[in-house]
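[1] Sequence and computational prediction follow.
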Protein chains: 2
Amino acid sequence: MVIGKSQLDSVFGALSDPIRRGILERLSAGETKVGALAAPYDVSQPAISKHLRVLEKAGLIQRTRRGREHHIKVDPRPIEEARSWIATYVRFWHHQFEAVDIYLKEQEKTQK
Amino acid sequence: MVIGKSQLDSVFGALSDPIRRGILERLSAGETKVGALAAPYDVSQPAISKHLRVLEKAGLIQRTRRGREHHIKVDPRPIEEARSWIATYVRFWHHQFEAVDIYLKEQEKTQK
DNA sequence: GAAATAGTTAACCAAATGGTTATAGGAAAG
DNA sequence: CTTTCCTATAACCATTTGGTTAACTATTTC
């Protein structure tokens, strides 16, 4: 039994590619046709098609067919999970990181 | 010329694996030996070693050798970039998403 | 110093990823 | 109806990823 990727896996995975992040950035200006999304990039059209599928599987975009055009819009909801994962741990990490820092500074002082 | 991955690429890439996220979660409790990090997972120890290298390349962990033990601590700084990328766009996305929602609700009303 | 311990590195493998070209499907325009 | 346009799918390829086992390095312990 091959167990599927978690939501976090696919969301972070989708965000790890610069073209896909670029597409999402572009989408913050609003719903956009696939052609317009592809235009800035120096890769073939099928390559963009694949990136869109990755974003779609991660739930980050939604597609509406209007005639022969596909209109893409962002769905920010799955990213909230990612955001909150980071937020939860950043607090602990930062605290822990500073704690070590303080410890090291104490050491310095003591050794004068 | 093979151009390297951006910081965001490798940070998001590192976060896209459940074992690596698990390791980071564990590290929020403080500096930890490699063995302890590996213990919960049902993969070989070299597999963990590789995951640590991925996290290290992304700048997310720091390693200190104390005798034969490697002590790992989290470095939360590179994640700030990721966090801020998300934060920047989530605002636009959310706004855009709600705008469409409002638009659709207006349509519904109008068509009654 | 020999044995055990903590961890990495090397060599290998299968599957996933990101790209390509060629082909196909369906809507719009001529 | 034929052509053009917009996009997806198929088939293929090279590279990367995530895992394995085996061997190695360095430190501690007996």
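    Arrived safely.
[2] correct me, but residue A:62 touches residue A:73?
    Yes: look at residue A:62 against residue A:73 with C-beta atoms under 8 Å: they come within range, at 5.4 Å. The C-beta positions use only the backbone N, C-alpha and C, and glycine is treated the same way.
[3] does residue A:63 sit in a helix or strand, and which one?
    Using DSSP states H and E, residue A:63 maps to strand A:61-66.
[4] what sits against the most centrally placed residue in chain A?
    Nearest to the mean C-alpha position of chain A, by C-alpha atoms, centre = their mean, lies residue A:15 at 2.9 Å. Residue A:15 sits next to A:21, A:24, A:82, B:8, B:12, B:82, B:85, B:86 when contact means C-beta atoms under 8 Å, 6 or more residues apart in numbering or on different chains.
[5] what does chain A put close to DNA strand D?
    A:33-35, A:38, A:45-46, A:48-50, A:52-53, A:63, A:68-70 (C-beta under 7 Å from any atom of the strand).
[6] Report the two of these separated the most.
    A:50 and A:68 (19.5 Å; C-beta to C-beta).
[7] So if I had to pick from these two, which one is more boxed in?
    Higher neighbour count among residue A:50 and residue A:68: residue A:50, with 13 against 5, using other C-beta atoms under 10 Å in any protein chain shown.
[8] follow-up on the earlier one: which of the residues of chain A next to DNA strand D count as buried?
    Among those, those classed as buried by neighbour count (16 or more other C-beta atoms under 10 Å in any protein chain shown) are A:34, A:38, A:48, A:52, A:70.
[9] Would you agree the first one is in contact with residue A:48?
    Yes: using C-beta under 8 Å, residue A:34 makes contact with residue A:48 at a distance of 7.0 Å.
[10] can you tell me the helix or strand for residue A:53?
    Using DSSP H and E, residue A:53 falls in helix A:45-57.
[11] Please save the CA atoms from that helix in CSV.
    Output of helix A:45-57 as CSV, limited to C-alpha atoms (Å, rounded to 0.1, in the frame of the first residue of the first chain):
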residue,chain,number,x,y,z
GLN,A,45,3.9,25.3,-22.9
PRO,A,46,3.6,21.7,-21.7
ALA,A,47,6.1,22.4,-18.9
ILE,A,48,3.8,25.1,-17.6
SER,A,49,0.9,22.7,-17.9
LYS,A,50,2.7,20.3,-15.6
HIS,A,51,3.5,23.0,-13.1
LEU,A,52,-0.2,24.0,-13.1
ARG,A,53,-1.1,20.4,-12.4
VAL,A,54,1.3,20.3,-9.4
LEU,A,55,-0.3,23.5,-8.0
GLU,A,56,-3.8,22.0,-8.7
LYS,A,57,-3.0,18.8,-6.8
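[12] what sits up against it?
    So helix A:45-57 is contacted by A:10, A:13-14, A:17, A:19-20, A:23-24, A:34, A:37-38, A:41, A:61-63, A:72 (C-beta under 8 Å, 6+ apart).
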